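*Asks:* Kindly return the folded structure for what I paste below:
(chains A and B)
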Amino acid sequence: MLRVEKAFVSYGRVTALREASLVVNDGELVTLIGANGAGKSTLLNAISGVVRLKSGDIWLDDRRLSGLPSHKTIRLGLGYVPEGRRIFGDMSVRDNLTLGSYFECARNPLSALLYVGWFLRRPSVQSNLETVFRLFPILKERQKQKAGSLSGGEQQMLAIARALMASPQILLLDEPSLGLAPTLVKDILKLLVRLRDEGLTILLVEQDANAALKIADRGYVMERGMITIEGTARELLGDDRVRQAYLGKTVA
Amino acid sequence: MLERVKRKWYYSVIVSLLVLLIVIPFDWFPGHYTTIMVLIGINTMVTVGLCLLLGYTGQVSLGHAAFYGIGAYFSAVLSKTYHLNPWLAMLIAAIATGAFAYVIGYPIFRLKGNYLAVATLALGVIVYILFGKLAPGGPDGIAGIPNLSIGGFAFDTWFKRYFLVWGFCLVVLLISQNIVNSRSGRALRAIHGSEAAAESIGINVDRFKVKIFVLSCVYASLAGSLLAHSMAHISPSSFDPMVSVIVVVMAVMGGLASIWGAVFGAGIVVMLKHELLLGFGELEIIIYGLILMLVMIFMPEGLFVWLKSSYVKLKELYIRWRLGQIRRGAET
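*Replies:* This next block holds a predicted model:
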């Protein structure tokens, strides 16, 4: 269970988060929607440790995430798919994936002195790879290709797959639909539902409120750095304020 | 098929390099080339360190001569003035340089891109000036540095030093090759690709940068120590900021992201410096600039990769030609 308690973040004089709180229970797909600049990405960055909290707390079960830099939060069971995919274009798909479970094996440059390729090929990495390839058969086909040569949708899948390679307890996604064709967006969202059904906890940040609420269990609406509305996805889809502001429908 | 050609190429390069290295220093070879080969070995060590930093991790250092010099000066002062065993002096030099790099690494790697380049350049200039002002010997440097020796066997001729230096150099090359091919190597390339993404998969970017910087500075320090004990004389001018730039030229020339390319880069530049450009004096610098530009334009991945891909292309052409021949033979 991920708990964010009164997270407060400011960049200089600009306040990005004003005591935002939310909870993601195990096995839930929760979505966070809101307009541009509402603070959605900041909240995700705060959880993953890219941004420091000014006050407030973030917990993953009984492990405190707030105050930790991002490379440590990842080790505590957080999977983070940053905005804009950010795959390593020059590397092969397979190398991208292996890097995803990087921290499970790597220590420091000096450990490489004793490096013998087949000796260090950890079974956990291998089994993670198989799991990921089962979920994304297309990536298995393309594993030797350079990641930069994949299409936008495949790159997004690769970014998600890379995060899964660390076998995270909860997956944070920052606008996976960004810059993708509507059919691809549907594919990605379907995939998230499938991951949820397999038991993964997911926190999804989306601009496309309609699509996100259709697949989510619960949702939070964010405005000017605050959580203003929360409820089950169905409640939110029916909520007049949400409909007016984000779903582009006039209230009858 | 391509994969196999590549691998065969890789082994053939290493083997021919080793054979060449073993054959070169003997009597039939013009004497002063042995000295030049020693210099190439020493420069290769510095270049490999810079390749790891610049080519793989994507972090610029225009001040590597500083660490090269610190190694040399530590070795020289400890072994000459304090009569320490040269090996011990070398070890202490490496540790001291590493520690210095570690301390300076954290603040300096908060900078990125051009700012990092300027900061490291400034570091190189500062250390160079300190060598002239504070170090023993001042601008004249230190002479009479003892040779390295094992038991009673002293490395007192260039022939012997040749094997010493290339022994060190090969170890450094192999270590670097291992690092690059290991998970840490992938992490380095990940940092090069995108720091934010590297951070998001759990790589401690800051620490990694500093670690690889320390390693690369230790290489430079070892090279500096070898230089001091081989030449028996060092002066600040051996480590002026221009030397840092020349190391960059060597790295670019051989191929920034290529460990074995460093040997070629260092080889070509040292040959140029000590053979072809002897009469040029100040013009030397213009020629390095020209080379740097030409390499960047025509073989941006460096000479080594360029040779490799031309080899593969030639091989393909040959196969096509042979196939054509066979086909024509079948027709008639």
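
*Asks:* If I follow the layout properly, residue A:227 ends up in contact with residue A:21?
*Replies:* Yes: under the criterion of CB atoms under 8 Å, residue A:227 makes contact with residue A:21 at 6.4 Å. C-beta here means a position set from N, CA and C on the backbone, and glycine is covered the same way.

*Asks:* Tell me which of these two has more neighbours.
*Replies:* Between residue A:227 and residue A:21, counted using other CB atoms under 10 Å in any protein chain shown, the more crowded position is residue A:227 (22 against 15).

*Asks:* quick check, the more buried one in a strand?
*Replies:* Yes: under DSSP: H, G, I helix; E, B strand; the rest coil, residue A:227 sits within a strand.

*Asks:* ok, now how distant is it from chain B?
*Replies:* 24 Å (CB to the nearest CB, to the nearest Å).

*Asks:* Ok, residue A:12 next?
*Replies:* Distance from residue A:12 to chain B, by CB to the nearest CB: 18 Å.

*Asks:* and what of residue A:52?
*Replies:* Residue A:52 is 14 Å from chain B, by CB to the nearest CB.

*Asks:* Need the pLDDT of residue B:225.
*Replies:* pLDDT, residue B:225: 95.

*Asks:* what distance separates the helix or strand hosting it from the middle of the whole chain?
*Replies:* Using DSSP states H and E, residue B:225 sits in helix B:205-231. Remark: helix B:205-231 is offset 10 Å from the chain centroid, using CA atoms, centre = their mean, to the nearest Å.

*Asks:* and what of stretch B:170-178?
*Replies:* Worked out by CA atoms, centre = their mean, stretch B:170-178 lies 11 Å from the chain centre.

*Asks:* For residue 166, grab the count of nearby residues.
*Replies:* Assuming you mean chain A. Residue A:166: 23 neighbours (other CB under 10 Å).

*Asks:* sorry, should have said chain B
*Replies:* Close neighbours of residue B:166, defined as other CB under 10 Å, add up to 23.

*Asks:* doesn't residue B:41 make contact with it?
*Replies:* Yes: the pair residue B:166 / residue B:41 is scored as a contact, 4.8 Å apart, by CB under 8 Å.

*Asks:* contacting residues for residue B:16?
*Replies:* Neighbour list for residue B:16: empty [criterion: CB atoms under 8 Å, 6 or more residues apart in numbering or on different chains].

*Asks:* How confident is the prediction for it, by pLDDT?
*Replies:* Confidence score, pLDDT, at residue B:16: 75.

*Asks:* who's in contact with the helix or strand harbouring residue B:293?
*Replies:* Residue B:293 belongs to helix B:283-298 when assigned by DSSP H and E. Applying CB under 8 Å, 6+ apart, the external contacts of helix B:283-298 come out as B:242, B:245-246, B:248-249, B:252-253, B:269, B:272-273, B:277, B:280, B:302-303.

*Asks:* List, one by one, the residues from the stretch 101-250 of chain B near chain A.
*Replies:* B:175, B:178-179, B:181-187, B:189-190, B:193-194, B:196-197, B:199-205, B:208, B:211-212, B:215 (CB under 8 Å from any CB of the partner chain).

*Asks:* Please list the residues outside the helix ranked longest in chain A that contact it.
*Replies:* Across chain A, the longest stretch assigned as helix under DSSP state H is helix A:182-197. Contacts to helix A:182-197, defined as CB under 8 Å, 6+ apart, come from residues A:27-29, A:135, A:152-153, A:156-157, A:160, A:164, A:171, A:173, A:176-177, A:180, A:202, A:204, A:208, A:211-212, A:214-215, A:217.

*Asks:* Any quick ChimeraX command for the buried ones out of the residues you listed?
*Replies:* Buried members of the contacts of helix A:182-197, defined by 16 or more other CB atoms under 10 Å in any protein chain shown, are picked up in ChimeraX with:
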select /A:28,29,135,153,156,157,160,164,171,173,176,177,180,202,204,208,211,212,215,217
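
*Asks:* Among the contacts of helix A:182-197, which ones are in strands?
*Replies:* Per DSSP state E, strands hold the following members of the contacts of helix A:182-197: A:29, A:171, A:173, A:202, A:204.

*Asks:* Please tell me how far the last one sits from chain B.
*Replies:* Spatial separation of residue A:204 from chain B under the definition CB to the nearest CB is 16 Å.

*Asks:* so what's that residue closest to, chain neighbours aside?
*Replies:* Residue nearest to residue A:204 in three dimensions, not counting chain neighbours: residue A:31, with 4.6 Å by CB to CB, 6 or more residues apart in numbering or on different chains.

*Asks:* May I have the phi/psi pair for residue A:63?
*Replies:* Backbone torsions for residue A:63, taken as degrees, to the nearest 10, come to phi -100, psi 130.

*Asks:* Identify the residues contacting it.
*Replies:* Contacts of residue A:63 (CB under 8 Å, 6+ apart): A:76-77.

*Asks:* try 7 Å this time
*Replies:* Residue A:63 makes contact with residue A:76, according to CB atoms under 7 Å, 6 or more residues apart in numbering or on different chains.

*Asks:* Dig out what it forms beta bridges with.
*Replies:* Taking DSSP bridges as the rule, residue A:63 bridges to residue A:60.

*Asks:* distance of it from chain B?
*Replies:* Distance from residue A:63 to chain B, by CB to the nearest CB: 15 Å.

*Asks:* go on, residue A:232?
*Replies:* Residue A:232 sits 30 Å away from chain B, going by CB to the nearest CB.

*Asks:* hey, what's that residue bridged with?
*Replies:* Beta-bridge partners, per DSSP bridges, of residue A:232: residue A:218.

*Asks:* what inclination does the longest helix of chain A have with respect to strand A:170-174?
*Replies:* If you take axes from the mean of the first three to the mean of the last three CA atoms, to 10 degrees, helix A:182-197 sits at 160 degrees to strand A:170-174.

*Asks:* Sounds good, over and out.
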